[in-house]
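Participant: need a structure here:
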Amino acid sequence: MTISQDLDYRELLQYVYNSFNARDIDAALEVIHPEADWANALEGGLVQGHSGIRDYWSRQWSFMDPHVKPVNFETDEEGKFVVEANQIIRDLKGNIVSIKDVQHVFQIEDGVIRNMRIRPVL
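Facilitator: Numbers count the residues shown, from 1 in each chain. Model prediction:
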């Protein structure tokens, strides 16, 4: 049984955020589909699959220290899971570079994340 079969969607998403904030890519990828599309907030567009997500996060963490805290979980009219999150980005010396709220929109199928998009908080 995979971890995603043991968790409801909110717990699954919280698990991904906790893993991201702990810099545990392998744990996060346990509940992300191997061919998932993932929003690339740095350069725009999408990264694809586990290798794309791993490279994207590793590159990001090489020059910044982002911490993302989910504050609200909802389901939209299309059945996608919308997480409003507070995002604090620090440089590698610990100085705050940015604080903002974002919405992450997840499509979950068969207990794993198939894609993630970012949209502004309205």
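Participant: The chain: strands as residue ranges?
Facilitator: Listed from the start of the chain, the chain has strands (DSSP state E) covering 32-39, 46-48, 65-75, 81-90, 96-109, 112-120.
Participant: and V83, how many residues sit next to it?
Facilitator: Per other CB atoms under 10 Å, the neighbour tally for V83 reads 21. Using the backbone N, CA and C atoms, a C-beta is placed for each residue, glycine as well.
Participant: same check, this time on D24
Facilitator: D24: 12 neighbours (other CB under 10 Å).
Participant: okay, and for the protein, where does confidence drop off?
Facilitator: Residues of the chain meeting the criterion pLDDT under 70: 1-7.
Participant: about what we covered before: kindly reformat the strands of the chain as JSON lines containing distance to Y56.
Facilitator: Shown next, in JSON lines, are the strands of the chain (distance: least, CB to CB, whole Å):
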{"stretch": "strand 32-39", "distance to Y56": "7"}
{"stretch": "strand 46-48", "distance to Y56": "5"}
{"stretch": "strand 65-75", "distance to Y56": "12"}
{"stretch": "strand 81-90", "distance to Y56": "15"}
{"stretch": "strand 96-109", "distance to Y56": "14"}
{"stretch": "strand 112-120", "distance to Y56": "11"}
